[in-house]
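S.K.: No letters, just coordinates:
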């Protein structure tokens, strides 16, 4: 037997002994057992006995919970998650990190909880994109609860882009709106303006001109949007679709504003230019009013915009 493996087994035996009672030892010692399980996990890991190492870390965590050592228990679950990753068991990685997150939150260390989720989401996003998105969004929610909207925005940033890569465009709308809201709360208005453009592109790619029009109008709620290049160029794009001018829309989508969006949105804009969805262009010229004119008119009726701009 490998020396490190034998060392690990000795620590397991010591941990089990800590939990035994007798006539002269009336109480179990979960704290001592947790320490021995941790030592065993390290020895097993060094011996490349990863399954044993993961189990030992989980045992350490369970015994630390018995001692109400929430932070240490969370760290042990996190270590078990790292071992699961080395075992290529990413589902277990995500589950163990989520359990660690719960412990961190109960311990009153939300920043550590959010960081654990973000690290794990990055680990699993290639194989388990849905779980990764869930973890990105939960990290954002944790920062939101703490009133840290800038970090909340950074936390959720990967979620809509990951959903777009996996063709889940409806879910991407919801995640992107979270990112927009957080940046707005953080008063990162220049970034918010660009994200409004991303939202318009995403809706147009989905073939939903009404939603694109509404997203554009919502941009006016952020200071400086009405005077921005983003507003002017996006308005021209919506006008061209309202008038059925595919040539003009293609030229506008070739503008650097769209070409230099974040990569996933730039690809949507390119695809929109090369293969626009059916029915996205109106051929009757619409009402002849521009989005900014409608905005300035202050009309509030939903029915008035029932046909959108496209």
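M.R.: Right, received. Where do you want to start? As the structure is a computational prediction, the values presented were derived from the model and not from experiment. Numbering: from 1, shown residues only.
S.K.: okay, which residue is most central for this structure?
M.R.: residue 136 (2.6 Å; C-alpha atoms, centre = their mean).
S.K.: Next up, phi/psi of that residue, please.
M.R.: phi -60, psi -50 (degrees, to the nearest 10).
S.K.: Now do the same contact list for it.
M.R.: Residue 136 sits next to 117-118, 121, 155-159, 162 when contact means C-beta atoms under 8 Å, 6 or more residues apart in numbering. (Each C-beta comes from the backbone N, C-alpha and C, glycine too.)
S.K.: now do 6 Å
M.R.: Shown in contact with residue 136 (C-beta atoms under 6 Å, 6 or more residues apart in numbering): 121, 156, 158-159.
S.K.: and which of the residues you listed is nearest to residue 222?
M.R.: residue 156 (17.6 Å; C-beta to C-beta).
S.K.: My read is that that closest one contacts residue 179, right?
M.R.: Yes: applying C-beta atoms under 6 Å, one finds residue 156 in contact with residue 179, separated by 5.2 Å.
S.K.: shared neighbours of the two, anything?
M.R.: Joint contacts of residue 156 and residue 179 (C-beta under 6 Å, 6+ apart) do not exist.
S.K.: Next, count neighbours for residue 50.
M.R.: Neighbour count of residue 50, defined by other C-beta atoms under 10 Å: 17.
S.K.: got the phi/psi numbers for the residue nearest to it when sequence neighbours are not counted?
M.R.: Closest residue in space to residue 50, ignoring its immediate chain neighbours: residue 87 at 5.0 Å, by C-beta to C-beta, 6 or more residues apart in numbering. As for residue 87, its main-chain torsions (degrees, to the nearest 10) stand at phi -80, psi 0.
S.K.: I'd like to know how far residue 87 sits from residue 56.
M.R.: 14 Å (C-beta to C-beta, to the nearest Å).
S.K.: For the stretch 151-300 of the chain, which segments are assigned as helices?
M.R.: 158-165, 169-185, 189-205, 209-218, 229-242, 246-253, 256-259, 263-274, 291-297 (DSSP state H, counting those that start in this stretch).
S.K.: Residue 227 - how many residues pack around it?
M.R.: For residue 227, using other C-beta under 10 Å, the count is 10.
S.K.: now swap in residue 259 and tell me
M.R.: Residue 259, neighbours per other C-beta under 10 Å, totals 12.
S.K.: separation between it and residue 266?
M.R.: 6 Å.
S.K.: For the stretch 151-300 of the chain, give me the ranges with low pLDDT.
M.R.: Applying pLDDT under 70 to the stretch 151-300 of the chain flags the ranges 282-300.
S.K.: 50 instead?
M.R.: Applying pLDDT under 50 to the stretch 151-300 of the chain picks out residues 284-291, 293-294, 296-300.
S.K.: shouldn't residue 61 be in contact with residue 75?
M.R.: No: applying C-beta under 6 Å, one finds residue 61 not in contact with residue 75, separated by 8.2 Å.
S.K.: Give me the more crowded residue out of those two.
M.R.: Neighbour totals were compared for residue 61 and residue 75, and residue 61 leads with 28 against 21 (other C-beta under 10 Å).
S.K.: what's the closest non-adjacent residue to that one?
M.R.: That would be residue 76: by C-beta to C-beta, 6+ apart, it lies 3.7 Å from residue 61.
S.K.: contact partners of the helix or strand harbouring the one you found?
M.R.: Mapping residue 76 onto the secondary structure by DSSP states H and E places it in helix 70-86. Helix 70-86 has contacts (C-beta under 6 Å, 6+ apart) with 50, 53-54, 57-58, 60-61, 64-65, 92-93, 96-97, 99-100, 103-104, 106-107, 116, 123.
S.K.: Could you list which of the residues you listed belong to strands?
M.R.: Judged by DSSP state E, the subset of the contacts of helix 70-86 located in strands is empty.
S.K.: Which among those count as buried?
M.R.: Burial by neighbour count, 16 or more other C-beta atoms under 10 Å: within these this picks out 50, 53-54, 57-58, 60-61, 64-65, 92-93, 96-97, 99-100, 103-104, 107, 116, 123.
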